[in-house]
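Trainee: Sequence plus the predicted model coming up.
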Amino acid sequence: MTGKPSLRTPLHDRHVALGARLVDFAGFEMPISYDGILAEHRRVRESAGLFDVSHMGEAEFRGVGAASFLDRLTTNAVDDVPVYGAQYTLMLNKSGGVIDDLILYRLRDRYLLVVNAANIEKDFEWITSHLPQDVDFRNLSEETALLAWQGPKAAAILQGLVDADLSPIRPFAMAEARLRGIPVVLARTGYTGEDGFEIFVKADDAARVWDLLLEAGRPEGAGPAGLGCRDTLRLEKQYRLYGQDMDETVSALEAGLGWVVKLDKGDFVGRDALEAQTRGGVPRATLGLRVIEDGRWIPRHGCAVLAGGRVVGEVTSGTFSPTLLSGIALARIDHAALDAGDFAIRIRDRDAKATRVRKTFV
């Protein structure tokens, strides 16, 4: 790789030993793949894949005002999160643009917020600029490692390593446990569309947990997985990626994330702007498109999207789907063209026909 990023996760040595192809991602030296994106994609869909996502940021909130503060700062209803529960949510600016998309976790005596790696400094500056005196905020990013263990066999393999019964832990629930004696927090969340767990562990213990999972998973065909297949997996499920499918110039409603916006919960940052869009009409929309010609035509970020032969927007995320063997994309277009029905994506000067796919591709 060219240029040396300044940051490495606690698992960097493990990636090097496995022969990973490393890239600079959000200032971290991260594995894009180990033995090929397609092989790792299938591994996660069929067995289990282990991702190092320790580049993500983590913050802890304590105090009597923590819940009400987080409710004012985010779009979803914090009161709906039970103890040992989790919630997907957004943090907006005053114009309704997305500062970041987040996962909020509630433990017995505190809240844990996970933010995107590229946004750690920006997010935490925004949070502290609004922080009231009755809330204690701590940045736990450097002392915390995060592993994503994802796939249909992930839970069964993990069960053999931990001292907690995983069967009662439903999606977006969590538990504190020990993995071969190592304290961990297990959350049934992820970014692949498969079952699995995200595992919070102290940075000093991360390598041991990584080794134990890979050793236990090897007989089942499980193994490491890099950021390359993480992207193809999430796009097959139409999961948004910050910086491509949304940013501070794109409202939560334009990003197609109105389902995590609770306008009736009370005031929060960005609420007035979203209410105005709701009344006056959302100018842009996000939709999924699948290329209906052969798999040679792969849409990429920035490709023009057409409806009725007229450019109406552009691809925000595009890739080749290893499951469908065709090109797939998320696109942001003029809202008025949303129901056009005759879409095409301009790929290498050719307008490849595409069909709208609601919810998920796979």
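Mentor: Received the coordinates, thanks. Numbering: from 1, shown residues only.

Trainee: now A156: how far from A39?
Mentor: 21 Å (Cβ to Cβ, to the nearest Å). Any C-beta I mention is one placed from the backbone N, CA and C, and that applies to glycine too.

Trainee: which SS class is L112?
Mentor: strand (DSSP: H, G, I helix; E, B strand; the rest coil).

Trainee: what's around it, how many residues?
Mentor: Using other Cβ atoms under 10 Å, L112 is surrounded by 20 other residues.

Trainee: I'd say it and R62 touch.
Mentor: No. Look at L112 against R62 with Cβ atoms under 8 Å: they stay out of range, at 10.4 Å.

Trainee: Relative to the strand of greatest length in the chain, what are the paired strands and their orientations?
Mentor: Longest strand in the chain, counting residues (DSSP state E): strand 310-321. With DSSP bridges as the test, strand 310-321 is paired with strand 304-307 (antiparallel), strand 326-334 (antiparallel).

Trainee: now the shortest one, how far from the centre of its chain.
Mentor: Between the centre of strand 304-307 and the centre of its host chain there is 26 Å, according to Cα atoms, centre = their mean, to the nearest Å.

Trainee: contacts for that strand?
Mentor: Applying Cβ atoms under 8 Å, 6 or more residues apart in numbering, the contact partners of strand 304-307 are 289, 311-315, 331, 333, 337, 340-346, 351, 354.

Trainee: and if we set it to 7 Å?
Mentor: Applying Cβ atoms under 7 Å, 6 or more residues apart in numbering, the external contacts of strand 304-307 come out as 311-315, 331, 333, 337, 340, 342-346, 351.

Trainee: Doesn't D123 belong to a helix?
Mentor: Yes. Under three-state DSSP, D123 sits within a helix.

Trainee: Quickly note the distance from it to I99.
Mentor: When D123 is compared with I99 (using Cβ to Cβ), they lie 7 Å apart.

Trainee: Same question for L166.
Mentor: For L166 relative to I99 (Cβ to Cβ), the value is 33 Å.

Trainee: ok, those two, which is more surrounded?
Mentor: The neighbour count for L166 versus I99, taken as other Cβ under 10 Å, is higher for I99 (23 against 16).

Trainee: unless I'm mixing things up, that one is touching W126, no?
Mentor: Yes. When contacts are counted by Cβ atoms under 7 Å, I99 is listed as touching W126 (6.0 Å).

Trainee: The residue lying closest to D165 once chain neighbours are set aside and D24, how far apart?
Mentor: With Cβ to Cβ, 6 or more residues apart in numbering as the criterion, D165 has its nearest non-adjacent residue at 7.9 Å, and that residue is Q159. Distance from Q159 to D24, counting by Cβ to Cβ: 36 Å.

Trainee: ok, now A216?
Mentor: 31 Å.

Trainee: wait, isn't S47 in contact with G223?
Mentor: No. Here S47 does not reach G223: they are 8.0 Å apart, not a contact under Cβ under 7 Å.

Trainee: shaky segments in this structure?
Mentor: Scanning the chain for pLDDT under 70 picks out 1-5.

Trainee: again, only this time at 50
Mentor: In the predicted model, the chain carries pLDDT under 50 at residues 1-2.

Trainee: Per the annotation, how does it divide into domains?
Mentor: Structurally, the chain divides into domains by automatic domain parsing as follows: 12-53+143-236, 57-139, 283-357.

Trainee: quick one: which of these is nearest K265?
Mentor: Each of the domains of the chain has some distance to K265 by Cβ to Cβ; the shortest is domain 57-139, at 4.7 Å.

Trainee: got the residue ranges for the strands in the stretch 101-250 of the chain?
Mentor: In the stretch 101-250 of the chain, the segments counted as strands under DSSP state E, counting those that start in this stretch are 111-115, 136-139, 144-150, 174-179, 182-187, 196-202, 223-224.

Trainee: Now render the strands paired with strand 310-321 as TSV, adding mean neighbour count and distance to R72.
Mentor: What follows is these, written out as TSV (neighbours: other Cβ atoms under 10 Å; distance: least, Cβ to Cβ, whole Å):
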stretch	mean neighbour count	distance to R72
strand 304-307	21	36
strand 326-334	24	28
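
Trainee: what pairs with the nearest residue to G327 once chain neighbours are set aside across the strands?
Mentor: Leaving out its chain neighbours, the residue that sits closest to G327 by Cβ to Cβ, 6+ apart is V291, at 3.7 Å. V291 has these beta-bridge partners by DSSP bridges: A354.

Trainee: Please apply the same query to Y88.
Mentor: Residues in beta-bridge contact with Y88 (DSSP bridges): I103.

Trainee: so how far is N116 from it?
Mentor: Taken as Cβ to Cβ, the span from Y88 to N116 is 13 Å.

Trainee: Equivalent analysis for W126, please.
Mentor: From W126 over to N116 (counting by Cβ to Cβ), the distance is 13 Å.

Trainee: likewise G295?
Mentor: 30 Å.

Trainee: cool, E176 as well?
Mentor: 25 Å.

Trainee: For this structure, which residue occupies the most central location?
Mentor: Y191 (4.8 Å; Cα atoms, centre = their mean).

Trainee: Surely that residue and L235 touch.
Mentor: No. Y191 is beyond contact range of L235, at 10.5 Å (criterion: Cβ under 7 Å).
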